[in-house]
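Asks: Quick one: sequence and predicted model below, then my questions.
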Amino acid sequence: MLKGYFCRNNSETMESRGLIRVAIFASGNGSNAENIFHYFKESKHIQIAYIVSNKKEAFVLERAKKLGVPSLFMDNKEFRQGNRILEEMKSHSIDFIVLAGFLVLIPANLIEAYLDQIINIHPALLPKFGGKGMYGDFVHRAVSESGELKTGITVHFVNQAYDEGSIIFQKSVDIEARENPNKIAEKVHALEYEYFPAIIKQVILSK
Ligand code: GRF
């Protein structure tokens, strides 16, 4: 079921496939996770079925409880090992994985099982300001210090290197030279809320 869920048979229609079950992985606040959940809550085709975090105290797990979405905490060591997270995905019949502020490298077995079925959002215009250690406020500070006049979001497929999978979508926004990183973060979050759920839908429905 995992590999090629979308490739069972070309004559399949969305209706005959049934619900496509999506897991969201997040390490922190989870505002994107919640926004994505609300976008799909009435969908007949796509369901946010599971929320996973590698941080026990992450606010995203509180959000999951509030939204009534099953959730899981898994520490970094167990996550990186790969077997249990793959088992969890299988036992929850997950078809597609969305990373929304998730800070651990995805293990190889999960990438193989979900080839082109894991996507990430990065809060800048890759390939600039990407790679290991470039996450959250570090990105916005680096953008500010660089004097760039544009930043934005990048949605990409996930492979085994941070932020290097093929790019699906980018959207830019104007910033002032050396604009306050908090202001930059606000602008980027606004883009994420506006575009990320629709891009997820487009990627899933194009499979
Ligand atoms: C987002 O800016 C996302 O692009 C980045 O981490 C942030 C997560 O924010 N990868 P939130 O947890 O969804 O509020």
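Replies: Arrived safely. Numbers count the residues shown, from 1 in each chain.

Asks: can we go C-alpha only for contacts and neighbour counts from here?
Replies: Will do.

Asks: Next, Ile24: phi, psi?
Replies: When quoted as degrees, to the nearest 10, the phi and psi of Ile24 stand at phi -110, psi 130.

Asks: didn't it look like it was pressed against Val52?
Replies: Yes. The pair Ile24 and Val52 qualifies as a contact (C-alpha atoms under 8 Å) at a distance of 6.2 Å.

Asks: More neighbours: which of those two?
Replies: Ile24 (28 against 22; other C-alpha atoms under 10 Å).

Asks: Can I get stretch 141-150 in CSV, CA atoms only?
Replies: Written as CSV, here are the backbone C-alpha positions of stretch 141-150 (Å, rounded to 0.1, in the frame of the first residue of the first chain):
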residue,chain,number,x,y,z
ARG,A,141,18.3,36.4,10.7
ALA,A,142,20.6,35.2,7.9
VAL,A,143,18.3,36.7,5.3
SER,A,144,18.1,40.0,7.2
GLU,A,145,21.9,40.2,7.7
SER,A,146,22.5,39.4,4.0
GLY,A,147,20.7,42.6,2.9
GLU,A,148,18.5,40.7,0.5
LEU,A,149,15.4,42.5,-0.8
LYS,A,150,13.3,39.4,-1.3
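
Asks: in it, what counts as buried?
Replies: For stretch 141-150, the neighbour count (16 or more other C-alpha atoms under 10 Å) marks 141, 143-144, 150 as buried.

Asks: could you dump these to a markdown table with secondary structure, distance to the ligand and pLDDT?
Replies: Output for those, formatted as a markdown table (DSSP: H, G, I helix; E, B strand; the rest coil; distance: C-alpha to the nearest ligand atom, whole Å; pLDDT from 0 to 100):
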| residue | secondary structure | distance to the ligand | pLDDT |
| --- | --- | --- | --- |
| Arg141 | helix | 13 | 97 |
| Val143 | helix | 13 | 98 |
| Ser144 | helix | 15 | 98 |
| Lys150 | strand | 16 | 98 |
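
Asks: what's next to the helix ranked longest in the chain, contact-wise?
Replies: Criterion DSSP state H: the longest helix present in the chain is helix 181-205. Helix 181-205 is contacted from outside by 14, 32, 35-36, 39, 46, 96, 98, 121, 123-124, 137, 140-141, 143-144, 151-153, 155, 169, 171, 173, 175, using C-alpha atoms under 8 Å, 6 or more residues apart in numbering.
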